[in-house]
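Participant: dropping a prediction and its sequence here:
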Amino acid sequence: MKPLVYVAGPYTRADPVLNTRNACLFADELIAAGAAVIVPHLSLLWHAISPAPVDAWYARDLDVLAHCHAVAWLPGASEGADAEVAFAQRHDIPVYSTSHDGSRAALFTFIKEWMP
């Protein structure tokens with residue numbers, strides 16, 4: 001079984017499409033390292049098909065995050081990502097900041113050394 005990594009990061013600030021692209025590109029790196037990933041930014045398409053209030057999306061994201069083994073925290077201002085990180089910390093889910101080289105390296109070590 002692979003570790004399940006949740007990609008938290010900016011979504012609405014600046015450009016949701018660009019932020020989704022950035023999250024997906026980083027998720028590609030995580031997959032190449034051996035992780036399974038959740039990219040909540042992909043709700044962009046779901047929202048286009050079946051809109052929901054922002055609080056509904058946040059609640060859905062936390063429901064999924066509760067099942068994850070780690071969080072990859074992308075840089076940038078984001079109330080949603082900040083709430084996801086706080087949730088992870090309260091639930092003893094390790095959080096790795098991708099904006100800090102040491103934390104980013106630790107994330108890839110976590111994936112490589114994963115033992116369920």
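Facilitator: Arrived safely.
Participant: CA atoms for contacts and neighbours, from now on please.
Facilitator: Will do.
Participant: what mean pLDDT does whichever helix in the chain runs longest have?
Facilitator: When the chain is scanned for its longest helix (criterion: DSSP state H), the result is helix 16-33. Along helix 16-33, the predicted local confidence has a mean pLDDT of 96.
Participant: show residues contacting it.
Facilitator: Among residues not part of helix 16-33, those counted as contacts by CA atoms under 8 Å, 6 or more residues apart in numbering are 5, 7-12, 36-37, 39, 41-42, 44, 74, 108, 111-112.
Participant: which of those residues fall in strands?
Facilitator: When strands are assigned by DSSP state E, the members of the contacts of helix 16-33 inside them are 5, 7-8, 36-37.
Participant: so of the residues you listed, which two are at opposite extremes in space?
Facilitator: A8 and A36 (14.3 Å; CA to CA).
Participant: quick one, which of those two is more surrounded?
Facilitator: Per other CA atoms under 10 Å, whichever of A8 and A36 has more neighbours is A8, with 28 against 19.
Participant: right, and the more buried one touches C68 too?
Facilitator: No: A8 lies out of contact with C68 (CA atoms under 8 Å); the separation is 11.8 Å.
Participant: just for the protein, where's the confidence low?
Facilitator: Scanning the chain for pLDDT under 70 picks out no residues.
Participant: and if we set it to 90?
Facilitator: Applying pLDDT under 90 to the chain flags residues 12-14, 100-101, 115-116.
Participant: helices along that one, start to end?
Facilitator: Along the chain, the stretches classed as helices by DSSP H are 16-33, 43-49, 54-65, 79-90, 101-112.
Participant: so which of those is nearest M1?
Facilitator: Taking CA to CA as the criterion, M1 comes closest to helix 101-112 out of the helices of the chain, the separation being 11.1 Å.
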